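> can you look at this prediction? I've put the sequence above it.
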Amino acid sequence: MSGMITEKKKVSLEEVAQMLQEGDDFLIVSHLRPDGDCLGSTMGLFHTLVQLGKRVAAYNVGPLGDKWDFVPGIEAVKNTLPDWTPKWTLFVDCGAVYRVEDDFKPLGKTINIDHHLTNTVFADYNHIDPEACAVGEQIFHLAKALGARMTPEIASSLFLSILTDTGGFRYPNTSAAALRLAGDLVEAGADPGAISQAVFESRAKGEFKITGEVFSRLNFELEDALVWGEIRWATIMEAGGPDSEPDGLSSEIRGVVGCEVSCLFIETEEGWCRAGLRGKGGINCGAIADSLGGGGHYNASGLMIRDLPYEEAKLKVLNEVRSAVRAWKAP
């Protein structure tokens, strides 16, 4: 695997394992506003490489809320780069370089480990597996290929990854392989009850205030096939600040009977528009997000529009989704 890199290439998991085995001085990076898969796969890989005697740093611009304090070793994830120069930058759960932060400049050679269909295959070496239920599934098999011992710390991190990206084992990506893997992780020391409680039943009271506000003002269109809500920045601040923003709310909205696509719009402090799209299988949410500068999965995707005022950006997204729903409903 040595020599000059002449082109970006797709590689197998075994090839990634070989590069990690032979290399040293690794920087693990992941996307801003990290979720459970992001942090779980980051820490699973971090603990694996440390176990193998590598020098490792983990970077995420954040924000990391207090809700993730239960993740083993989470204090290792910093919002500043290390004071040493990594030879490798490892991207996990990151569909594009800019998802780390604006103008992020990776250091050394780059490896991209991800499962998003819309991944831009941007690194020197790319292992993209859309069939994986979560990046944590990929990291599990990578750890095995590296000969690492599956410690409780690694198992707990990877269980978090799989638990959250399958929606608590409710989403269509909950395969038989995912359930078997979850069982293996429990046998290795992951506590499913404690992790589930930390994820789903440890919410700031401000989250309930915002959730109630969103639910009371839902918009139903196209015979309820499209359901959308929004969170304005003023609402976030009144509820206690950014840590009060609910997780998974766009997926909950999708639960309306007859809904095919749900949208949750969030106004940022800068006045930008973030949007989360969730579907039930008839409409490609990932393609819609990709066309607007975002990305994700077929049934779950997201985007951010910065070059338009919030209301204009929201309307732009809504019009794209409305067109997709009308096409889906057409005979």
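Alright, I've got the coordinates.
> mind checking the longest helix of this structure?
The longest helix of the chain (DSSP state H) is helix 310-329.
> can you pull the alpha-carbon coordinates of that helix into PDB?
What follows is helix 310-329, C-alpha atoms only, in PDB (Å, rounded to 0.1, in the frame of the first residue of the first chain):
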ATOM      1  CA  TYR A 310     -34.200  31.000   6.300                       C
ATOM      2  CA  GLU A 311     -37.700  31.400   4.900                       C
ATOM      3  CA  GLU A 312     -36.400  31.300   1.300                       C
ATOM      4  CA  ALA A 313     -34.300  28.300   1.900                       C
ATOM      5  CA  LYS A 314     -37.200  26.500   3.600                       C
ATOM      6  CA  LEU A 315     -39.400  27.200   0.600                       C
ATOM      7  CA  LYS A 316     -36.800  25.900  -1.800                       C
ATOM      8  CA  VAL A 317     -36.600  22.600   0.100                       C
ATOM      9  CA  LEU A 318     -40.300  22.300   0.400                       C
ATOM     10  CA  ASN A 319     -40.800  22.800  -3.300                       C
ATOM     11  CA  GLU A 320     -38.400  20.000  -4.100                       C
ATOM     12  CA  VAL A 321     -40.100  17.700  -1.700                       C
ATOM     13  CA  ARG A 322     -43.500  18.600  -2.900                       C
ATOM     14  CA  SER A 323     -42.500  17.800  -6.500                       C
ATOM     15  CA  ALA A 324     -41.200  14.500  -5.400                       C
ATOM     16  CA  VAL A 325     -44.300  13.600  -3.500                       C
ATOM     17  CA  ARG A 326     -46.600  14.700  -6.400                       C
ATOM     18  CA  ALA A 327     -44.500  12.500  -8.700                       C
ATOM     19  CA  TRP A 328     -44.800   9.600  -6.300                       C
ATOM     20  CA  LYS A 329     -48.600  10.000  -6.000                       C
END
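> report the mean confidence score over that helix.
Throughout helix 310-329, pLDDT has a mean value of 96.
> which positions within that helix qualify as buried?
For helix 310-329, a neighbour-count test (16 or more other CB atoms under 10 Å) marks Tyr310, Ala313, Lys314, Val317, Leu318, Glu320, Val321, Arg322, Ala324, Val325, Trp328 as buried. (C-beta placed from N, C-alpha, C; glycine too.)
> contacting residues around it?
With CB atoms under 8 Å, 6 or more residues apart in numbering as the test, helix 310-329 has contacts from 221-223, 225-226, 228, 230, 232, 260-261, 263, 265, 267, 271-273, 275, 277, 282-284, 288, 291-292, 303, 305, 308.
> and those residues, which of them are buried?
222, 225-226, 228, 230, 260-261, 263, 265, 267, 272-273, 275, 277, 283-284, 288, 292, 303, 305.
> restricted to strands, list those.
Cross-referencing the buried ones among the contacts of helix 310-329 against strands under DSSP state E gives Leu226, Trp228, Glu230, Val261, Cys263, Phe265, Glu267, Cys273, Ala275, Leu277, Leu303, Ile305.
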